[in-house]
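Q: Structure, please.
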Amino acid sequence: MWIVAQIKHNESSILIESLKEKLGSYPELYSPKILIDKINKNKISSKKKFILDNYVFLKHEKFLDKKIVSSIKYTK
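A: Numbering: from 1, shown residues only. Here you go, the predicted model:
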């Protein structure tokens with residue numbers, strides 16, 4: 001089952017490690033990005049941007065249990 005979580009992107013590894021401790025294995029993390037090309041003074045610069053800003057999708061088979069989902073609700 002998939003859940004949506006709001007995170008700071010520089011703290012995503014901390015969240016994944018704390019979820020691994022509670023769930024027993026690593027959940028799948030999906031955060032869609034888009035590649036933006038800009039032209040500045042005849043130079044092309046590429047930049048990756050998160051489409052959903054501070055939100056990511058997490059997938060794990062234990063998310064089907066409502067007790068586990070409520071226990072990880074405020075995990076940092």
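Q: and the residue minimising distance to the centre of the chain, what does it touch?
A: Per CA atoms, centre = their mean, the C-alpha nearest to the average position across the chain is that of V56, at 3.4 Å. Shown in contact with V56 (CB atoms under 8 Å, 6 or more residues apart in numbering): 4-5, 7, 12, 29-31. (Glycine included, C-beta is placed from N, CA and C.)
Q: Go through those residues and flag which are in helices.
A: Judged by DSSP state H, helices contain the following of the contacts of V56: S12.
Q: Distance to D65, neighbour count and pLDDT added to the contacts of V56, as a markdown table?
A: Output for the contacts of V56, formatted as a markdown table (distance: CB to CB, whole Å; neighbours: other CB atoms under 10 Å; pLDDT from 0 to 100):
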| residue | distance to D65 | neighbour count | pLDDT |
| --- | --- | --- | --- |
| V4 | 17 | 9 | 89 |
| A5 | 17 | 18 | 87 |
| I7 | 22 | 18 | 86 |
| S12 | 23 | 14 | 83 |
| L29 | 20 | 16 | 88 |
| Y30 | 21 | 11 | 90 |
| S31 | 24 | 17 | 88 |
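Q: Among the contacts of V56, name the ones in strands.
A: 4-5, 29-30 (DSSP state E).
Q: ranges for the strands of the chain?
A: 2-6, 28-30, 33-40, 43-50, 55-59.
Q: So which of those strands is nearest Y74?
A: strand 2-6 (10.8 Å; CB to CB).
Q: Just give the nearest non-adjacent residue to S71, would you?
A: Nearest residue to S71, sequence neighbours excluded (CB to CB, 6 or more residues apart in numbering): K22, at 7.0 Å.
Q: what's the answer for S46, then?
A: Leaving aside its sequence neighbours, S46 sits nearest to D37 (CB to CB, 6+ apart; 5.4 Å).
Q: tally of neighbours for the one you found?
A: Close neighbours of D37, defined as other CB atoms under 10 Å, add up to 8.
Q: my guess is it meets I44, correct?
A: Yes: the criterion here is CB atoms under 8 Å, and D37 meets it with I44 at 5.6 Å.
Q: of all the ones in strands among the contacts of V56, which two lie farthest apart?
A: V4 and L29 (11.7 Å).
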